[in-house]
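here you go, sequence then predicted model.
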Amino acid sequence: MANVLLLNGSPRANGCTATALQEMIGVFQAEGVETELIHVGNREIRGCIACNRCEQLQRCVFDDIVNEVAKKFEAADGLVVGSPVYYSSPNGTLLAFLDRLFYSTPFSKHMKVGAAVVSCRRGGNTASFDVLNKYFTISGMPVASSTYWNQVHGFTAEDVRKDLEGLETMRNLARNMAFLIKAIADAKQTYGLPVQERKQFTSFPDGK
């Protein structure tokens, strides 16, 4: 059975971001997709220190929730990352988590489906949305879209429940994501996954 991992990057377990993610979970369940929601926004997570020990260890040198989630990410068919908007950017704790999660994990993310979800009171949503999508597009992950940008508006969870268009967007996003996951699984059986070339690394150490 297909499975999706959802990350709540908000410090609040039951706030605006969680409300959006729960709307998606209901659709995933109806579509026969297993889900697991992990709350990371309230954890103490330090950023990457560029030690590159992960090359030898095959995991992050800091053995915390990043390494715990890495195993679940490897097994998942899709990843949903949700965050509130802080100064037109995702929550800093979440960004520290994602930097280390994506950089330290040796397994391929190729053709795992990704989706970013942002919640804001008023503005900064599309800038935050763009930041989160970069993690997927650099990793060969197809990005799921909806009928509007993947966002909800409100200052409280109650406000978000009044954002009927935002909730509709979340439901359509979950349906599209479930479809993509199933379609990729079928295509993998028939055609195999696309070949990836990873031989080149452009760098200019001589300054020219």
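Looks like it arrived, so ask away.

what are the ranges of the strands in this protein?
Using DSSP state E, the strands of the chain run over residues 3-8, 34-39, 78-86, 89-90, 113-120, 151-153.

Gly140 is nearest to which of these?
Checking these against Gly140 by C-beta to C-beta gives strand 113-120 as the closest, at 10.0 Å. Heads up, the C-betas are built off the backbone N, CA and C, glycines and all.

quick one: the longest helix belonging to the chain to chain centroid distance?
If you go by DSSP state H, the chain has its longest helix at helix 164-191. Distance, stretch centre to chain centre, for helix 164-191: 14 Å (C-alpha atoms, centre = their mean, to the nearest Å).

same question for that helix, mean pLDDT?
On average, the pLDDT along helix 164-191 is 97.

pLDDT weak spots in this structure?
Where the chain drops to pLDDT under 70, the residues are 207-208.

give me the residue at the spatial middle of it.
Central residue of the chain (C-alpha atoms, centre = their mean): Val81, 3.1 Å from the mean position.

now do the contacts for that one.
For Val81, the contacting residues are Leu7, Gly9, Leu94, Leu98, Gly114, Ala115, Ala116, Val117, Leu132, Tyr135, by C-beta atoms under 8 Å, 6 or more residues apart in numbering.

mind putting those residues into CSV with distance to Leu37 and neighbour count?
Shown next, in CSV, are the contacts of Val81 (distance: C-beta to C-beta, whole Å; neighbours: other C-beta atoms under 10 Å):
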residue, distance to Leu37, neighbour count
Leu7, 8, 26
Gly9, 12, 28
Leu94, 14, 28
Leu98, 16, 24
Gly114, 16, 22
Ala115, 14, 28
Ala116, 15, 26
Val117, 12, 29
Leu132, 17, 25
Tyr135, 18, 21
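
ok, these vs Cys60, which is closest?
In terms of C-beta to C-beta, no member of the contacts of Val81 lies closer to Cys60 than Leu98, at 12.0 Å.

that closest one and Tyr135 touch, don't they?
Yes - between Leu98 and Tyr135 there is a contact at 5.5 Å, judged by C-beta atoms under 8 Å.

what's the local residue count around His39?
Look at His39: counted by other C-beta atoms under 10 Å, it has 18 neighbours.

what of the one 4 residues further on?
Neighbours of Arg43 under the rule other C-beta under 10 Å: 15.

mind checking how far it is from Asp64?
Taking C-beta to C-beta, to the nearest Å as the criterion, Arg43 is separated from Asp64 by 8 Å.

what of Phe129?
Taken as C-beta to C-beta, the span from Phe129 to Asp64 is 27 Å.

who has more neighbours, those two?
Counted by other C-beta under 10 Å, Phe129 and Asp64 do not tie: Phe129 has more neighbours, with 19 against 14.

show the contacting residues for that one.
Ala116, Val118, Trp149, Asn150, Gln151.

so what pairs up with the closest residue to it other than its chain neighbours in the strands?
Leaving aside its chain neighbours, Phe129 sits nearest to Val118 (5.1 Å; criterion: C-beta to C-beta, 6 or more residues apart in numbering). Val118 forms beta bridges with Ser83, Gln151, as assigned by DSSP bridges.
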